[in-house]
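K.L.:
Build me a structure from this.
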Amino acid sequence: MPKLKLKPLKKALPTLYHNKTFLPGIILLLAVCFLGCASAVAQNNNIDYRILRAISHSRTEAKNHFFKDVSDATSYVNYSLPAVLLITAMIRHNKAGKQKALTILESQLLTAACTWGIKHVFDRPRPSENDPSFVPVVYELSASFPSGHTGESFATATAISLAYPKWYVIIPAYAWAATVGYSRLYLGVHYPSDVLGGAVLGSGCAFLTYKINQWWQRKQLKKKGQVQKP
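P.N.:
Predicted structure coming up:
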């Protein structure tokens, strides 16, 4: 029986451990799995429904239009931001700015892929599907957990905050993400645990993408001899 060649693996594992590049990914996976299980418990105990019904009592026609517009604009805002940053950086021949824009975009794409996979794993019905007496402002058919809109927005907020760590960037970014999350509750298309799960997933994917890019850039610099090994 031929022996397995473990030398590359033995070299790779210590590198990943000492850099701790993928540790956030493991924490993220555990956190989302925990929230998925917790969401089922919350659903059975009607905690999520009580919060949703309390929010629904504050609905008005004006707020219905406002939060629907916020929800509809989510993807346009989240994807146009890195596009504008990328185009601006290319015009100015700003390599660092280009990398930051690509990292923000990568964060969103990773969040979208993870959201799609987790939705299929948990396949949680929307609030109105579980309880026909609960009437949402709009109807959506995909699985409920986690909230994709919230995940996208928190991925954008976290990624841009890491790229540009200034208070005048961080505060508006997270205010936007929180508004999107609340809009999903107000419209009645997600449980609070869905929104929390989306926020954790989006923030975690953005942080993981940021760390992986840092690790990759250091690796490339070392290859070029620009950074000495400790």
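K.L.:
Mind pulling up the pLDDT for the residue nearest to Tyr191 when sequence neighbours are not counted?
P.N.:
Distances taken as Cβ to Cβ, 6 or more residues apart in numbering place Asp48 nearest to Tyr191, at 3.8 Å, with adjacent residues excluded. To be clear about C-beta, it is placed using only N, CA and C from the backbone, and glycine gets the same treatment. pLDDT, Asp48: 80.
K.L.:
ok, and Asp48, which helix or strand is that part of?
P.N.:
helix 47-56 (DSSP states H and E).
K.L.:
gap between the helix or strand following that helix and the chain center?
P.N.:
Per DSSP H and E, the first helix or strand lying C-terminal to helix 47-56 is helix 61-91. Distance of helix 61-91 from its chain centroid, counting by Cα atoms, centre = their mean, to the nearest Å, is 15 Å.
K.L.:
Quick one: distance of the helix holding Asp48 to the chain centre.
P.N.:
Using Cα atoms, centre = their mean, the offset of helix 47-56 from its chain centre is 24 Å.
K.L.:
Identify each buried residue in it, please.
P.N.:
Ile47, Asp48, Tyr49, Leu52, Ser56 (16 or more other Cβ atoms under 10 Å).
K.L.:
Show me what that helix packs onto, helices and strands only.
P.N.:
Counting contacts by 3 or more Cβ pairs under 8 Å, 6 or more residues apart in numbering; DSSP states H and E, helix 47-56 is packed against helix 23-44, helix 127-130, helix 167-186, helix 192-223.
K.L.:
from these, which stretch is densest packed?
P.N.:
Each of the helices and strands packed on helix 47-56 was scored by mean neighbour count; the highest is helix 192-223, a mean of 21, by mean count of other Cβ atoms under 10 Å.
K.L.:
re earlier: turn the buried residues of helix 47-56 into a markdown table, including distance to Ala62.
P.N.:
Listed next are the buried residues of helix 47-56 as a markdown table, based on distance: Cβ to Cβ, whole Å:
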| residue | distance to Ala62 |
| --- | --- |
| Ile47 | 29 |
| Asp48 | 26 |
| Tyr49 | 25 |
| Leu52 | 20 |
| Ser56 | 15 |
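K.L.:
Just give me the closest of those to Ile118.
P.N.:
Nearest to Ile118 among these: Asp48, at 17.2 Å, using Cβ to Cβ.
K.L.:
quick one, what contacts the most centrally placed residue in the chain?
P.N.:
Centroid-nearest residue in the chain: Gly202, 1.3 Å away (criterion: Cα atoms, centre = their mean). When contacts are counted by Cβ atoms under 8 Å, 6 or more residues apart in numbering, Gly202 touches Ser107, Thr111, Thr150, Gly151, Glu152, Ser153, Phe154, Ala155, Thr156, Ala157, Thr158, Ala177.
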